[in-house]
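Novice: structure for the following, please:
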Amino acid sequence: MSSTTRRTRAALATGAMALAASVALLPGAAFAATPADVAENGGAARSSDDSTQALLDSVQAGPAKNVILLIGDGMGDSEITSARNYQYGAGGELPGIDALPLTGQYTTYSLTKAGKPDYVPDSAATGSAWATGTKTYDNAVSVDIAGTPQDTLVEIAKANGKKTGNVSTAEIQDATPAVQAAHVAARSCYGPDSVTQCGADALDQGGLGSISEQIIGTRADLTLGGGSASFRQSARAGQYQGESLFDQAADRGYQVVGDAAGLGALTAADQASPVLGTFTDGNFPTRFAPSTATVGGADLAPQACTPNPARLSTDLSLRSLTEKSIDLLDGDQGFFLQVEGASIDKRDHSADACGQIGEVLDLDEAVQAALEFAKADGNTMVIVTADHAHTSQIVDSTPPATLSTALLTTEGSTMKIAYGTAAAGGSQQHTGTQLRVAGYGPGAANVVGLIDQTDNFFTIVNALELDRDLDGLSADGTVSAPAEVAPGTDFTVTASGVEGDRQVSGVYTPASGDPVDLGYVDVVDGVATFTVTAPTALGAGSVTLVGVQSGVELRADVLVAAGAPTPAPTASPTPAAVPGGSGTGAGGAGTTASGSGPLAFTGSDMVPALLLALMLAGTGAVLVARRRRRSVLDHSGAQL
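Specialist: Numbering: from 1, shown residues only. You can find the predicted model right below:
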């Protein structure tokens, strides 16, 4: 970001305050209605008091400790208005979405691969814009138009020590949740079986893997949504080849849950025991049963929306998932949480007015939960917006040869909604109009005015004071290992201070013979620990660890010597029992490790006493690599 842009963003809050202060000099009667005016004008006026002080109070300078970003997929102004009219009346308010005090508009265009504007974007390009601050082409997930991966808010926040969460009512492989956790050229690269869709991104083609595999590797503290089907697929390559993704997640320390009881039993979500919760094979069922529009449908008797009998229980509603996520993520280090109401878009595509309205109402309840927390906390920024606009329109009369429907609102009036961008049975199109963006809390004044979708990325990064140089966050990494080990014994080698990486790979080079590939391990709170078996041949060897993302290389020399002290057994934390899922486990040829990191000694300086202290350190405890847990539960509660 240029210095000019930084100054502009930093000055926005001050400008808003100055503007509000200037308004305060005007007579209240010039811009605010009185109670008598409201009665005399048929209740049309929404504001019956001077709003100046409320606006001034709402402008808070950053930084913020926490940020909650709520996305209504396909939630343009028309979708907001129709939901408000239906549930609360023309003069009513959505108690969550309409309650945020600072509002602006943002542009959403994407790019072609040639770099030209594409005025009507998709969810992958738009999500990538706020997740990475980078414009890209439709279908791309957090890569630029050249295909280069761009760091996401979840990856950056996690590297900076923030807790992170990603919640959706869609499959969590869908575009909006995927942009925080994956980097692929095609949004349809859901799982290992998406061979054609993944192409060069597949693990067996040398890529980063499918979206589901990358979700596991990105290791957000908490991931909740649908999409179980893709996690039942098995890896086709790599050190987890042949193993289902659910089993892989458990092996890598995840708490895997698949029902409300399992979610409710969770008491922690962190890097040692992140949460992977998938509650449906595909997308969540909607709040209301479908009401598909037809040609001339708005001339029929208006209908009321009816509850969907397939809807999940209220403890898996978007509000409940948001509340549970906040409860698990809230802590001293702060957090970034993205929450998506996904099927506003999906039901709009299907010309389903009741479906889309119900999904807006579900999102609004989640916004209410976020605002309640933010107001009590006092140090949380909440942003509510959408990815792109959609096709539904509130119309006055039934349009000819166009799909339409008539709904009976809470006021007993008829609201006609039309869909004019596809024929019956087709998919209604996105539109390219600007969108509402609204904010509350420290730093939220940066949403005011006309901004672009990419500005959301910088607003959030700046509010949380995140360091975007992830390579630099691993540059001062250190390695620790015993100076001497006895032949044939197991010993541990630990990389510390590698917060900018998500995985570390390792190679052991013995005194004679071929190097041994140790595979990779996940970085947990800046630490990655490998268990290595010393050869029987005596001599000096070495272990080389490389940050997978940063490329930082760390080396420890280890002498295999007769009579060397045998390292004490490594302590392994006991997994917590989680109904509907599994506790912590180890994975791969290496292992995961938790804690703030062992003492930063190099191999030649490490003495046996310090090695013993290191291995017994509580938060630096090592999980033995060959210990592979396979106790993932399926969604009926049975062992897989």
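Novice: surely residue 206 and residue 200 touch.
Specialist: Yes - using C-beta atoms under 8 Å, residue 206 is in contact with residue 200, at 7.2 Å. Where you see a C-beta, it was placed from the backbone N, CA and C, and this is true even at glycine.
Novice: which of the two has more neighbours?
Specialist: Using other C-beta atoms under 10 Å, the more surrounded residue of residue 206 and residue 200 is residue 200, with 12 against 9.
Novice: which residues does stretch 225-233 contact?
Specialist: 166-174, 177, 190-193, 210-212, 244-246, 249, 258, 276-284, 635 (C-beta atoms under 8 Å, 6 or more residues apart in numbering).
Novice: looking at these, which are in helices?
Specialist: Using DSSP state H, the members of those that fall in helices are 177, 211, 212, 245, 246, 249.
Novice: what about residue 555, is that helix, strand or coil?
Specialist: strand (DSSP: H, G, I helix; E, B strand; the rest coil).
Novice: wait, what's in contact with it?
Specialist: So residue 555 contacts 479, 542, 543, 544, 545, 603 (C-beta under 8 Å, 6+ apart).
Novice: change it to 7 Å
Specialist: Applying C-beta atoms under 7 Å, 6 or more residues apart in numbering to residue 555 gives the contacts 479, 542, 544.
Novice: and the first one, how many neighbours does it have?
Specialist: The local packing count at residue 479 equals 26, with neighbours defined by other C-beta under 10 Å.
Novice: residue numbering should commence at 183 henceforth.
Specialist: That works, and once the first residue is 183, the last one we named lands at residue 661.
Novice: about what we covered before: show me which of the contacts of residue 737 is closest to residue 320.
Specialist: Closest approach to residue 320 among those (C-beta to C-beta): residue 726, at 41.2 Å.
Novice: still on that earlier bit, tell me the one of the ones in helices among the contacts of stretch 407-415 nearest residue 323?
Specialist: residue 393 (7.0 Å).
Novice: separation between the closest one and residue 402?
Specialist: 13 Å (C-beta to C-beta, to the nearest Å).
Novice: what's the answer for residue 505, then?
Specialist: Taking C-beta to C-beta, one finds residue 505 at 18 Å from residue 402.
Novice: which of the two has more neighbours?
Specialist: Taking neighbours as other C-beta under 10 Å, residue 505 and residue 402 compare with residue 402 leading, 30 against 18.
Novice: ok, now which ones touch that one?
Specialist: Applying C-beta under 7 Å, 6+ apart, the residues near residue 402 are 336, 340, 346, 347, 348, 363, 456.
Novice: for residue 331, grab phi and psi.
Specialist: phi -60, psi 140 (degrees, to the nearest 10).
Novice: pLDDT score for the spatially closest residue to it that is not a sequence neighbour?
Specialist: With sequence-adjacent residues excluded and distances taken as C-beta to C-beta, 6 or more residues apart in numbering, residue 331 is closest to residue 365, at 3.7 Å. At residue 365, the pLDDT value in this model is 98.
Novice: and the spatially most central residue of the chain, what is it in contact with?
Specialist: Residue closest to the average C-alpha location in the chain (C-alpha atoms, centre = their mean): residue 348, at 3.0 Å. Counting by C-beta under 7 Å, 6+ apart, residue 348 touches 336, 354, 359, 362, 363, 402, 405, 520.
Novice: figure out the helix or strand that residue 725 lives in.
Specialist: Under the criterion of DSSP states H and E, residue 725 resides in strand 721-729.
Novice: give me the sheet partners of that strand and which way each runs.
Specialist: Strand 721-729 has the following strand partners under DSSP bridges: strand 685-691 (antiparallel), strand 735-742 (antiparallel).
Novice: just give me the longest helix of the protein.
Specialist: helix 535-559.
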